[in-house]
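**Student:** fold the following.
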Amino acid sequence: SFDSGLSGWNAFGNAFAENRNYLVHTSPGGAKLFSTFVEGDDSGMYQDFAASEGSAWELAVYAMTTCREDPINESNQNTAVARIVFRSSSNTELGSEEVLLVDNGSPLGTWRRYSVIANGAPPGTVVVEAYLLFLSPALEGGAVFLDDASFRELDPAAIPDAGEGNRLTEVRNSPNPFGEATTIQLRLTESSPVDVSVYDVGGRWLSTLFQGTLEAGDHSIQWDGRDRNGVPVPAGIYPYVVRTASGQVVQRMLVTR
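**Tutor:** Numbers count the residues shown, from 1 in each chain. Model prediction:
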């Protein structure tokens, strides 16, 4: 809950304790992250724990951006993510999972709880790391406020279906990999506001493919492999996030050139 500031966290960049009541989810303390304004440098914090092959973990946190201080809105490219990383004894990254916390489409002044589950640590895993990160590709202003973070090991056999309790029951894209274009297909159990956005592997926002309300049923959204400026992205892996009123799903697609 950050009651003792950032005690226990390995902080870097602009990561600070926060204790102003209107910027804290649960008194007396929270955290604030904002840009380093240095190209290639991110802000954030992490903790690491012993882990073994096959283990499962959940990282959860409350996050908010607010017009009362340094909002992320409109064309601002800043994002915040929570990420779980598995590493070997030689500190090699073996795998990761992440969830988007805040971007320029997030509601202002609203605390929301986000969580990411990484199930099945890869062979060779000896350490698991819990990251809270602020990414600023264009070195812009803006901030994210965080509170009530938790990190726990789960029973892999007891992890529920990702679609359980969610308006979004299916998300996939085809073809994948693809060279020129792909179609993102999603299924809703009921009407909901929907946002579909594409990011690079560093969590930097590239393009919003759809933003509006969709009725229950199957829907298709195309991506032509270009960023918001119409420039083709290079070959690589690109996460896309489908957000609804009840949660969000992160998938990855591979672009070949």
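**Student:** what residues are up against residue 124?
**Tutor:** 53, 88, 89, 94 (CB atoms under 8 Å, 6 or more residues apart in numbering). No exception for glycine: its C-beta is placed from N, CA and C like everyone else's.
**Student:** now do 10 Å
**Tutor:** 53, 86, 87, 88, 89, 90, 92, 94, 95 (CB atoms under 10 Å, 6 or more residues apart in numbering).
**Student:** residue 231: which of those is nearest?
**Tutor:** Among the contacts of residue 124, residue 95 lies closest to residue 231 (CB to CB), at 29.7 Å.
**Student:** how long is stretch 118-130 from one end to the other?
**Tutor:** End-to-end span of stretch 118-130 (CA to CA, to the nearest Å): 11 Å.
**Student:** residue 199: what's its closest spatial neighbour, skipping adjacent residues?
**Tutor:** residue 239 (5.0 Å; CB to CB, 6 or more residues apart in numbering).
**Student:** residues near that neighbour, how many?
**Tutor:** Using other CB atoms under 10 Å, residue 239 has 19 other residues around it.
**Student:** and the helix or strand it falls within, which residues are buried?
**Tutor:** Using DSSP states H and E, residue 239 sits in strand 236-244. Using 16 or more other CB atoms under 10 Å as the test for burial, strand 236-244 gives 238, 239, 240, 241, 242, 243, 244.
**Student:** quick one: list the elements packing against that strand.
**Tutor:** Here strand 236-244 touches strand 79-87, strand 93-102, strand 168-174, strand 182-188, strand 192-199, strand 205-214, strand 217-223, strand 247-255, going by 3 or more CB pairs under 10 Å, 6 or more residues apart in numbering; DSSP states H and E.
**Student:** what average pLDDT does that strand get?
**Tutor:** Confidence over strand 236-244 (mean pLDDT, whole number) is 85.
**Student:** quick check: neighbours of that strand in the sheet, parallel or antiparallel?
**Tutor:** strand 192-199 (antiparallel), strand 247-255 (antiparallel) (DSSP bridges).
**Student:** mean pLDDT for these: which is lowest?
**Tutor:** In terms of average pLDDT, strand 247-255 trails the rest of these, at a mean of 82.
**Student:** relative orientation of that one and strand 182-188 in degrees?
**Tutor:** With axes from the mean of the first three to the mean of the last three CA atoms, to 10 degrees applied, the angle from strand 247-255 to strand 182-188 works out at 160 degrees.
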